[in-house]
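> got a structure for you, letters missing:
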């Protein structure tokens, strides 16, 4: 089948052919979707003649790790949008255009060129029929014996202009890099809204995710064009009308804490969300809306990997974990000022905001107090100070020395604490007057009395002990002062 | 074999070298190794420490025998010096902050992930994949061998230390983890007569390495893991030690405790310290005795 053949000819050759009407609007939309997704790689994306998208990547090559890596990333993105592409690469825009089309027609092998001298050689060998204006002139070029671009360039300029118009020579000059080639870049719309009509009715969440990938890629491109990051989006699902009472649309809201523009991370969160929802009816169309968009500057790469960049990726991990397991299951421990063991620690749901605050604090601290190294402070402190440190000393030890601010950090309780603690203390039986947990326990420490909390109604009056069994395992026990009952409270792990 | 050795000698890429191991020797050091903080243990571990890129299986009878004290120094190094995070995946009990703080672990880098049983592996795998995670501690009472293999593969590509805690009964089953050890608490030798306070400093853990990249141990290792850190904070102790050591370097007085310390620290520098004392490697390269 060739372009230009008639409809009856085509049906004679292939009777089962399906004819589709060209839809200019849809084509344009598709091309714009691709351009939007490709904005992730460069701000200069140009929609060019004949379904071609031009990217100016001169400034992006290093950022994405070389031309080869960049090209494969671009290819993957276009493929992720659901399109196949042919690529050409050249120092000039028209040169790249010609090479990409040459690749489509398979007339040349080399289509990725960086050097201008090579470009000259390769372009010279390309057939004239590649030129966009060739179609309007029929086979006039071949008839005057000029088959390659080199032949065309060798012809007298005045004659070519008279015959084919000024455009051809102008294009050639631009392709060879002899004339400037200003172009208007594709602009991302001010607000993001992408729509995708599905080819078939989709019933499974996994298939839906595959389709949603196209939308998310566009979202990522749009975000980097606006230097923004997203922290909440809505996925509208258009359902097939299965029953009269079935809802026609449903929405899926995905929100997270740290704004991101990483398409993979967004897809991750969406996958977790989709796995948890059941579709009301088969989906025929979907729409993605970015709800919460904020300014975002990506971190600049460092020569040496810094731990600060890790903390951001750590937040992503914890978000993924809480997306699947539930936020109440991803926890951090925080200290509280209390003597009661169960109140001395709070279990907090992980919140990235807290971490950011902590980081800022750490940053400002050295500014406020240069050289505030607690170790050195105490080191050079005084001899009397170090002696009195031995017993439990929440109070500042040396009265004549103003204690450094970081002292509470150092004054850990001198009584050892278990690494595992029971949520609720376990009452122990007594055998031969000794507490018993699987085996007889032997108390090996002095009493540590904790009496606190009378003010809030959860008062405790306990004597804590460390106990060992006859095999060497260590336990943390206490005895209620009033009742005299023994309880197991923790394990020395 | 000869060919393999010469290959190693001409210098393979380190990741390749990590996969190639000769049965006669304990594998060499690697940059991704974190010292366990216990000299005795480092000596028998392949790579002289906990190695990233390999699953370490700790078989403990019941949790709470000293397994966290065993890991505490490595965790401290990871969270403070390297400022990487540690993730606890479905520990059997609630971790208690005060203990971790006392060990000098940066507690804001600790994350506790509670999982239902079927999600534990998933969470562990995710954590292992993540950059910036220094250690992943996983508690899995029941696990199928295929799942273990998968975990080992995840650990192989990871920068993080991977520790898996399983019950002792699992020792009989085969496992994909390259390093497996049984940890049992044992009584100090003179437990019946010992001063009870002294006992807290003398809590022992017996470690039997049942699988490693290297020859088998001839007898299980005994490691002292005191419940209580020595009474004086470390830096104070160190500075005093140094001062005293300088003073008494020429005094011969066996009754002087400082002289004893000085002598033993000298012995440690000489590379002795066989069975007398357990020495902890302190960050700046000096030695400090852990009190018995």
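Right, received. Where do you want to start? If you're wondering where the values come from, they're calculated on a predicted model, not measured in any experiment.
> only C-alpha atoms for contact and neighbour calcs from this point on.
Fine.
> pLDDT weak spots in chain A?
A:1-4, A:108-109, A:135, A:242-247, A:298-312, A:352-414 (pLDDT under 70).
> the domain parsing of it - what is it?
Chain A breaks down into these structural domains: A:20-175, A:193-295, A:420-491 (assignment by automatic domain parsing).
> and those: which comes nearest chain B?
Between chain B and those, the shortest gap by Cα to the nearest Cα is with domain A:420-491, which sits at 4.7 Å.
> wait, residue A:451 sits on residue A:460?
Yes. Assessed by Cα atoms under 8 Å, residue A:451 is found in contact with residue A:460 at 5.5 Å.
> so which residues of chain B form helices?
Remark: helices assigned in chain B by DSSP state H are B:2-9, B:14-19, B:39-44, B:67-76, B:97-102, B:120-129, B:145-156, B:196-201, B:234-247, B:257-270.
> now the stretch 201-350 of chain A
In the stretch 201-350 of chain A, helices defined by DSSP state H, counting those that start in this stretch lie at A:205-225, A:263-276, A:307-325, listed in chain order.
> okay, the domains of chain A in JSON lines with mean neighbour count and distance to chain B next?
As requested, these are exported to JSON lines (neighbours: other Cα atoms under 10 Å in any protein chain shown; distance: least, Cα to the nearest Cα, whole Å):
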{"stretch": "domain A:20-175", "mean neighbour count": "16", "distance to chain B": "19"}
{"stretch": "domain A:193-295", "mean neighbour count": "18", "distance to chain B": "12"}
{"stretch": "domain A:420-491", "mean neighbour count": "17", "distance to chain B": "5"}
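> will you turn those into JSON lines that also has distance to residue A:340?
Converted to JSON lines, the domains of chain A look like this (distance: least, Cα to Cα, whole Å):
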{"stretch": "domain A:20-175", "distance to residue A:340": "54"}
{"stretch": "domain A:193-295", "distance to residue A:340": "33"}
{"stretch": "domain A:420-491", "distance to residue A:340": "6"}
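> out of those, which comes closest to residue A:321?
Relative to residue A:321, the nearest member of those by Cα to Cα is domain A:193-295, separated by 9.5 Å.
> off-centre distance for that closest one?
Its chain's average C-alpha position is 15 Å from that of domain A:193-295, according to Cα atoms, centre = their mean, to the nearest Å.
> between the two ends of it, how far is it?
For domain A:193-295, the first-to-last residue distance is 18 Å (Cα to Cα, to the nearest Å).
> what's the closest of the domains of chain A to residue B:219?
Each of these was checked against residue B:219 via Cα to Cα, and the shortest separation belongs to domain A:420-491, namely 19.2 Å.
> give me the nearest residue to the residue of the stretch 51-200 of chain B found nearest chain A, chain neighbours excluded.
Nearest residue of the stretch 51-200 of chain B to chain A, counting by Cα to the nearest Cα: residue B:64, 3.6 Å away. Distance criterion Cα to Cα, 6 or more residues apart in numbering or on different chains; nearest residue to residue B:64, sequence neighbours excluded, is residue A:493 at 3.6 Å.
> just to revisit the earlier point, how about the residue of the stretch 51-200 of chain B closest to chain A, what does it touch?
Residues counted as contacts of residue B:64 (Cα atoms under 8 Å, 6 or more residues apart in numbering or on different chains) are A:419, A:420, A:473, A:474, A:491, A:492, A:493.
> closest to residue A:248 out of those residues?
Sorting those by distance to residue A:248 puts residue A:420 at the head of the list, at 52.1 Å, by Cα to Cα.
> go ahead and confirm residue A:333 touches residue A:350.
No. With contact defined as Cα under 8 Å, residue A:333 and residue A:350 do not form a contacting pair (9.0 Å).
> next one: stretch A:320-334, is it in contact with chain B?
Yes. Counting by Cα under 8 Å from any Cα of the partner chain, chain B has neighbours in stretch A:320-334: A:321, A:325, A:329, A:330, A:331, A:332, A:333, A:334.
> of these, which pair is most distant in space?
Taking Cα to Cα as the measure, the residues of stretch A:320-334 next to chain B reach their widest spread between A:325 and A:334, a distance of 20.9 Å.
> between those two, tell me which one has more neighbours.
Neighbours per residue (other Cα atoms under 10 Å in any protein chain shown) separate residue A:325 from residue A:334, with residue A:325 holding more: 19 against 15.
> distance of the more buried one from residue A:54?
Distance from residue A:325 to residue A:54, by Cα to Cα: 43 Å.
> please give the element, helix or strand, for residue A:10.
Residue A:10 is part of helix A:7-13, with elements assigned from DSSP states H and E.
> residues of that helix that come out buried?
Neighbour counts using 16 or more other Cα atoms under 10 Å in any protein chain shown place no residue of helix A:7-13 among the buried ones.
> from the middle of its chain, how far away would that helix be?
For helix A:7-13, the distance between its averaged C-alpha position and the chain's averaged C-alpha position is 50 Å (Cα atoms, centre = their mean).
> I'd like the next helix or strand past it.
helix A:24-38.
> quick check: angle from that following helix to helix A:205-225?
Calculated by axes from the mean of the first three to the mean of the last three Cα atoms, to 10 degrees, helix A:24-38 forms an angle of 70 degrees with helix A:205-225.
> spatially central residue for chain A, please.
Nearest to the mean C-alpha position of chain A, by Cα atoms, centre = their mean, lies residue A:262 at 2.8 Å.
> tell me the contacts of it?
With contacts defined as Cα under 8 Å, 6+ apart, the neighbours of residue A:262 are residue A:220.
> do residue A:481 as well
For residue A:481, the set of contacting residues under the criterion of Cα under 8 Å, 6+ apart consists of A:461, A:462, A:463.
> rerun at 6 Å
Going by Cα atoms under 6 Å, 6 or more residues apart in numbering or on different chains, residue A:481 touches A:461, A:462.
> what of the one 10 residues further on?
If a contact means Cα under 6 Å, 6+ apart, then residue A:491 has A:418, A:420, A:475, A:476, B:64 as its contacts.
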